[in-house]
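K.L.:
Just a sequence and a predicted model for now, questions to come.
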Amino acid sequence: MSEHRRDGTRTAGQRSSALAGRERLHPDRPEWAAGDIPPHRRPLPLITRDALTVRTARPTHDRLAALNEERHVGTWTPEVARLREQGAAIRRETLPDLEKYLAQLTGNVERNGGVVHRAATPAEARAVIERIARENGVRLAVKSKSMATEEIHLNAHLTAQGIEVVETDLGEYIVQLADERPSHIVGPALHKSRQDVADLFGQLAGDEVSGEPEDLASFARTRLRADFKAADMGISGVNFAAADTGTLALVTNEGNADMVTSQPRVHVAVMTVEKVIPRFADLGVLIPLLCDAATKQRVSVYQTLLNGPRREGETDGPEQLHLVILDNGRTKALGTPQEEVLACIRCGNCQISCPVYRTVGGGHPYSAVYGGPIGAVLSPLLGERPNQDSDLPFLSSLCGACYDACPVKIPIPDLLVNLRAAHERRQPAARTARAGWRAWALAWRTETGFRATMAGARLAGRLLPDGVLARLPGPGRGWARGRALPPLREAGAFRRWFRRQEESRDRDRRQG
Ligand code: SF4
């Protein structure tokens, strides 16, 4: 703690953290009011057109497309296919009786020496964490990657309370420095190039930083080491929480979660209600399944299993372990067809497989905390009053690739259709729009109709001037605002692509 003054603050020269750097990067940034969502985390307007052209979307698209190619998303080896069946069953076992499993988990975490807090809303979760921080005189918190804390805007809240928060997952560290949102559940900085990162680090260091991966990693490691040593509180997410033992499992590749959960004297783990699993033994199925779907690893580099705070005679671990269990509208989905979404293990595979999200990026264009097809189903359900008017369920081609890719077999296309139908029942589309959709459906019922409309669209694309949508008159004007009309590919491109996919799958099957 030598970097702190006597009154607990740090001198500018002593501060090494990401936040200290960000202050230099954004000298004009207004202070955030307590509890306010900072500007970069506020919902964005629908910016589909921008998302297709801005520079953040392109690298994301290219990388996700490359990952998709590499991994043959949606094809499962026999071993993983077996795990997939088991994993899908395990994830649904808790849902009919979620409270029972949460009570069992609570009892066991407390028996292990931890303290459990239930939070119905993001405000309650933030208040609990703030109170823990205040009671322990926390000035600096280090965090490992956690979507639940993204969901409750925890960083902004703690920062507004004068508590410095530093992300320690490399991708999260980069997006925190850039003052942005994560673009993908598993790869938060997927949209950044090496040079982008080198520039960010260079601004932080006040000197040029090489774009070599080793140098970038070494730079972050050196900076973060000082923060790990100085932090009073560690904040983490939870990948799975075993009800029968009270074990909290974290699956990571960088080792930062081990530092966050063992070095500071207070550890706060934040999980959402559905992360509970029945048995410790289920980790043997779910961890390999998650690793295979998320990063195509057989198992991640680190699996951190936490069974309470440090006990007498132990050499590391926090003095206090707090588990915050957040609901935020999830239990309202229980017993409805949408409860399937609670089986998700946050692998991000559906985002990689989705042709829409692969093109426009993750949470950036659609302003959702959870990107990708699963985000389109989950995000509208969150909050005290689900956002029934959300556009998200409509932003999908319903091609079904996300279902093929999902390691726990969540029928995302069905869920999207349910949400669309519910929306249509509440707010029927205008008669003209309905007539248009009907005509389209009728035309595409036959191959001839399909070919004729596509040929017409290609011709229109060649003849119509650029930006024609922006000038659409009448009732279509509102719909067209913010949309682009990309040129249609030449005929047969999809069929050729599809044939290549089929051939590649056949090859894989033959090889075993
Ligand atoms: S819905 Fe399935 S594929 Fe998508 S993140 Fe969740 S578990 Fe992964």
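P.N.:
Everything's here; your move.
K.L.:
what kind of secondary structure is the closest residue in space to V128 that isn't next to it in sequence in?
P.N.:
Once flanking residues are discounted, V128 sits nearest to H117: 4.6 Å by C-beta to C-beta, 6 or more residues apart in numbering. Where you see a C-beta, it was placed from the backbone N, CA and C, and this is true even at glycine. Using DSSP: H, G, I helix; E, B strand; the rest coil, the structure places H117 in strand.
K.L.:
Flag every buried residue along stretch 422-441.
P.N.:
H423 (16 or more other C-beta atoms under 10 Å).
K.L.:
Using CSV, write down the CA coordinates of that stretch.
P.N.:
Listed next in CSV are the C-alpha coordinates belonging to stretch 422-441 (Å, rounded to 0.1, in the frame of the first residue of the first chain):
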residue,chain,number,x,y,z
ALA,A,422,-45.6,-11.0,-28.9
HIS,A,423,-44.5,-7.6,-30.2
GLU,A,424,-46.8,-7.9,-33.2
ARG,A,425,-49.8,-8.8,-30.9
ARG,A,426,-49.2,-5.7,-28.8
GLN,A,427,-48.4,-3.4,-31.7
PRO,A,428,-49.7,-4.7,-35.0
ALA,A,429,-47.8,-3.4,-37.9
ALA,A,430,-49.4,-0.9,-40.3
ARG,A,431,-51.7,-2.4,-42.9
THR,A,432,-49.4,-1.4,-45.7
ALA,A,433,-46.4,-3.0,-44.0
ARG,A,434,-48.4,-6.2,-43.4
ALA,A,435,-49.5,-6.3,-47.1
GLY,A,436,-45.8,-5.9,-48.1
TRP,A,437,-44.6,-8.7,-45.9
ARG,A,438,-47.4,-11.0,-47.2
ALA,A,439,-46.5,-10.3,-50.8
TRP,A,440,-42.9,-11.0,-50.1
ALA,A,441,-43.8,-14.3,-48.3
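K.L.:
what is the mean pLDDT for it?
P.N.:
For stretch 422-441, the mean pLDDT works out to 86.
K.L.:
before we move on, the earlier item: check contacts around the residue nearest to V128.
P.N.:
H117 sits next to V128, H322, L323, V324, I325 when contact means C-beta atoms under 8 Å, 6 or more residues apart in numbering.
K.L.:
so how far is T359 from K275?
P.N.:
Going from K275 to T359 by C-beta to C-beta, to the nearest Å gives 30 Å.
K.L.:
and the two? which has more neighbours close in?
P.N.:
K275 (25 against 17; other C-beta atoms under 10 Å).
K.L.:
circling back: got a PyMOL select line for the buried ones in the contacts of H117?
P.N.:
To isolate the buried members of these in PyMOL, using 16+ other C-beta under 10 Å:
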select buried, resi 128+322+323+324+325
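K.L.:
Does H423 lie in a helix or a strand, and which?
P.N.:
Secondary structure from DSSP states H and E places H423 in helix 412-426.
K.L.:
Can you give the distance from that helix to the centre of its chain?
P.N.:
From the chain centre to the centre of helix 412-426 is a distance of 22 Å (C-alpha atoms, centre = their mean, to the nearest Å).
K.L.:
Identify all contacting residues around that helix.
P.N.:
Under C-beta under 8 Å, 6+ apart, the answer for helix 412-426 is 337-338, 340-341, 350, 373-374, 376-377, 380, 388-390, 393-394, 396, 398-400, 402-403, 406.
K.L.:
Also near the ligand: which of the residues you listed, exactly?
P.N.:
C350, I374, C406 (C-beta under 6 Å from any ligand atom).
K.L.:
Could you pull up phi and psi at the most far-flung residue of the chain relative to its centre?
P.N.:
Going by C-alpha atoms, centre = their mean, the residue of the chain most distant from its centre is T448, 41.3 Å out. With angles defined as degrees, to the nearest 10, T448 sits at phi -60, psi -50.
K.L.:
any idea how far E214 is from it?
P.N.:
Going from T448 to E214 by C-beta to C-beta gives 58 Å.
K.L.:
And I352, by the same measure?
P.N.:
26 Å.
K.L.:
Then P355?
P.N.:
The separation that P355 has from E214, given C-beta to C-beta, amounts to 34 Å.
K.L.:
Those two: which is more packed in?
P.N.:
Of the pair P355 and E214, P355 is the one with more neighbours under other C-beta under 10 Å, namely 15 against 8.
K.L.:
Would you check that my belief about that one contacting S397 is correct?
P.N.:
Yes: between P355 and S397 there is a contact under C-beta atoms under 8 Å: 6.0 Å.
K.L.:
ok so, going back, got the confidence number for the residue nearest to V128?
P.N.:
H117 is assigned a predicted lDDT (pLDDT) of 98.
K.L.:
Flag every residue of the stretch 201-350 of the chain that's near the ligand.
P.N.:
Residues of the stretch 201-350 of the chain lying near the ligand by C-beta under 6 Å from any ligand atom: A293, C344, I345, R346, C347, G348, N349, C350.
K.L.:
wait, isn't the second one in contact with L378?
P.N.:
Put plainly, it is C344. Yes: contact status for C344 versus L378: in contact at 7.1 Å, counting by C-beta under 8 Å.
K.L.:
Neighbour count: these two, which is higher?
P.N.:
L378 (26 against 23).
K.L.:
Enumerate every residue touching the more buried one.
P.N.:
Here L378 is in contact with V341, C344, Y370 (C-beta under 8 Å, 6+ apart).
K.L.:
Quick check: it vs I235, distance?
P.N.:
22 Å.
K.L.:
Ok, D391 next?
P.N.:
31 Å.
K.L.:
If you count surrounding residues, which of those two has more?
P.N.:
For D391 versus I235, neighbours defined as other C-beta under 10 Å are more numerous around I235 (31 against 15).
K.L.:
who's in contact with that one?
P.N.:
I235 sits next to 129, 141-144, 146, 149, 154, 165, 260, 267-270 when contact means C-beta under 8 Å, 6+ apart.
K.L.:
give me the number of residues near the closest residue to it other than its chain neighbours?
P.N.:
Leaving aside its chain neighbours, I235 sits nearest to K143 (4.5 Å; criterion: C-beta to C-beta, 6+ apart). Per other C-beta under 10 Å, the neighbour tally for K143 reads 28.
K.L.:
same check, this time on G478
P.N.:
G478: 9 neighbours (other C-beta under 10 Å).
K.L.:
Do you know the pLDDT at it?
P.N.:
G478 is given a pLDDT of 71.
K.L.:
now M454
P.N.:
At M454, pLDDT is 87.
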